[in-house]
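**Q** Next come a sequence and a model predicted from it.
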Amino acid sequence: MKKLLPFAVVALFILFQYCVQPPDYANEPVIKYIGLSKDTIKQGTGNQDSIFVTFSFTDGDGDLGYPLPDATPSVFYRDSRDSFPKDPIQLPYVEPQGAGNGISGEITVKLRTVCCIFITPEGIPLACEDVQSFIKFDTFSYFIKIRDRAGNESNEIRTETITLRCQ
């Protein structure tokens, strides 16, 4: 009997392994906000400063990212102050994973800094260096969504408030 016990354990393990159902995710990606690397950045127009945003994802058909050399973007984000889209980001290609292609995980993206924005009493918008004499700080959030290879778009998430140092 003691000699059969290891075989029985292995057999049960194999049986349970094949009984586990693959996740049942929607074909549209679903994302959930996790957090920021920091909540204050210095304003700028390029790589002066950046912030990392992390969010989780699920995708029922597992078709995120594009194989190289295709540079089709998959992550889209915009600034809450003006709602203009920023430069989209390309996700790495995710290889199909067998019969049940549902995938989940976390994504961390690096987003470059933006400029402080100030609207004068005359209604003239000022940005970056022109703002420094008017305000010391500005605040905003990012709205983020992703798109898979089938063209399915995720829900949109919003980061917490980010503070920009204008000077």
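**A** Noted; the coordinates are in hand.

**Q** Name the SS class of residue 54, please.
**A** strand (DSSP: H, G, I helix; E, B strand; the rest coil).

**Q** Would you check that it makes contact with residue 108?
**A** Yes. Under the criterion of Cβ atoms under 8 Å, residue 54 makes contact with residue 108 at 4.5 Å. C-beta: built from backbone N, CA, C; applies to glycine.

**Q** what about these two, which has more around it?
**A** Using other Cβ atoms under 10 Å, the more surrounded residue of residue 54 and residue 108 is residue 54, with 14 against 11.

**Q** pLDDT wise, what is that one at?
**A** pLDDT, residue 54: 97.

**Q** Contacts only, for it.
**A** Contact analysis of residue 54 by Cβ atoms under 8 Å, 6 or more residues apart in numbering lists 34-37, 106-108.

**Q** buried set for stretch 134-144?
**A** Residues of stretch 134-144 classed as buried by neighbour count (16 or more other Cβ atoms under 10 Å): 138, 140-142, 144.

**Q** so where do the helices sit in this protein?
**A** 5-19 (DSSP state H).

**Q** Show me where it dips below the pLDDT cut-off.
**A** 1-23, 97-101 (pLDDT under 70).

**Q** in it, which spans are strands?
**A** 30-36, 40-42, 50-59, 75-79, 103-112, 117-119, 125-127, 137-140, 142-146, 157-158, 162-165 (DSSP state E).

**Q** Turn those strands into CSV, including distance to residue 92.
**A** Listed next are the strands of the chain as CSV, based on distance: least, Cβ to Cβ, whole Å:
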stretch, distance to residue 92
strand 30-36, 16
strand 40-42, 25
strand 50-59, 13
strand 75-79, 11
strand 103-112, 10
strand 117-119, 33
strand 125-127, 33
strand 137-140, 28
strand 142-146, 12
strand 157-158, 20
strand 162-165, 25
